[in-house]
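> Return a 3D structure for these sequence lines:
(one chain, ligands or ions: 1)
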Amino acid sequence: MMKRKPLIGVTGYDVSGEEGFGGKLRGNAGQGFSVIGHDYLRCVERVGAIPVGLPVLNKENVSVVEALDGIIFTGGEDIAPHLYGENVDHRFGRICPERDDFEWKLLEAALKAGKPILGICRGLQLINVYFGGTLYKDVSDKGDVLVHNFEKIPRWYTAHKASLLHPVLRQLYASEEIEINSFHHMAANKIGEGLDIAAIAPDGIVEALVHPSHRLMAVQWHPEMMAVQNQAGLIPFQWLMDEVMQGEGSAASLG
Ligand SMILES: [Mn+2]
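Alright, predicted model coming up:
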């Protein structure tokens, strides 16, 4: 048995002190800060693990995965389009190539080390592109789709349904259909090699992916925001925790 609580890495934003709310946030001019979202941290704590913030680091420091029991690739900036062979257009939000580069290597290291991985929003998109998939630069590129990006509704408020296609998700939610929130303007287009579509919105937008050969689940919605109001928001985090504990069990039995 693990003698301590599991350690779960949580990625985050790399921002300048001047960013946000149109003015100076912290510190002195020119300083930068690593920002890890509270909602993710609270969810990791609520399922019994200890969150460890993973700022954008030098690429050789992805070796931090060896000290972690699982990793969450969180929401954030748009994935740089050159990673899937495209250019930016006027619909792009902020991109952070340094974060993309670091998280790409971090994902590679986590997969190699067999660590359980949960991707959320941008995390799903990063994972899809990593496995050779592409993204819609805006969901409207898919045609006549639902609104997927709400800015003025409570972050826990559900926006649309998702059909659960994969048995793992159906079992976790004890349902074939759930209501989810939605705060994304991009979405998975071509699915990366080896990934299975695990949930889909009524308009065909991909809402979850799993990889059968890895302990990897990714969701396009934001369970950590839903969790502030609804216990079901914790389900993906509980899945990650269960994967960590199962891995621990099998390691112990081998030893
Ligand atoms: Mn959506």
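
> residue of this structure with the smallest distance to the ion?
Of all residues in the chain, the one sitting closest to the ion is Ser182 (3.4 Å; CB to the ion). Where C-beta positions appear, they are placed from N, C-alpha and C, glycine not excepted.

> phi, psi of the closest residue to that residue other than its chain neighbours?
Spatially, and ignoring its direct neighbours in sequence, Ser182 is nearest to Ala159 (3.9 Å; CB to CB, 6 or more residues apart in numbering). In this entry, Ala159 is assigned phi and psi values of phi -110, psi -30 (degrees, to the nearest 10).

> So which residues make contact with stretch 60-68?
Stretch 60-68 is contacted from outside by 7-9, 52, 54, 57, 71, 102, 105-106, 108-110, 113, 115, using CB atoms under 8 Å, 6 or more residues apart in numbering.

> For my notes, confirm Glu193 occurs in a strand.
No - inclusion of Glu193 in a strand is not indicated when DSSP: H, G, I helix; E, B strand; the rest coil is applied; the result is coil.

> 17 is where my numbering starts, stick with that
From this message on, residue numbering opens at 17, which makes the last subject Glu209.

> Could you report the neighbour count for the residue nearest to Ser198?
Residue neighbour count, defined by other CB atoms under 10 Å, stands at 17 for Ala175.

> Distance-wise, check it relative to Asp116.
With distances taken as CB to CB, to the nearest Å, Ala175 is found 26 Å from Asp116.

> just the helices in this structure please.
Under the criterion DSSP state H, the chain contains helices at 54-62, 113-128, 138-146, 183-189, 239-242, 251-270.

> any idea of the mean pLDDT in the third one?
Just to be clear, that refers to helix 138-146. In this model, helix 138-146 has an average pLDDT of 98.

> Is the ion within reach of that helix?
No - counting by CB under 5 Å from the ion, the ion is not contacted by helix 138-146; separation bottoms out at 10.6 Å.
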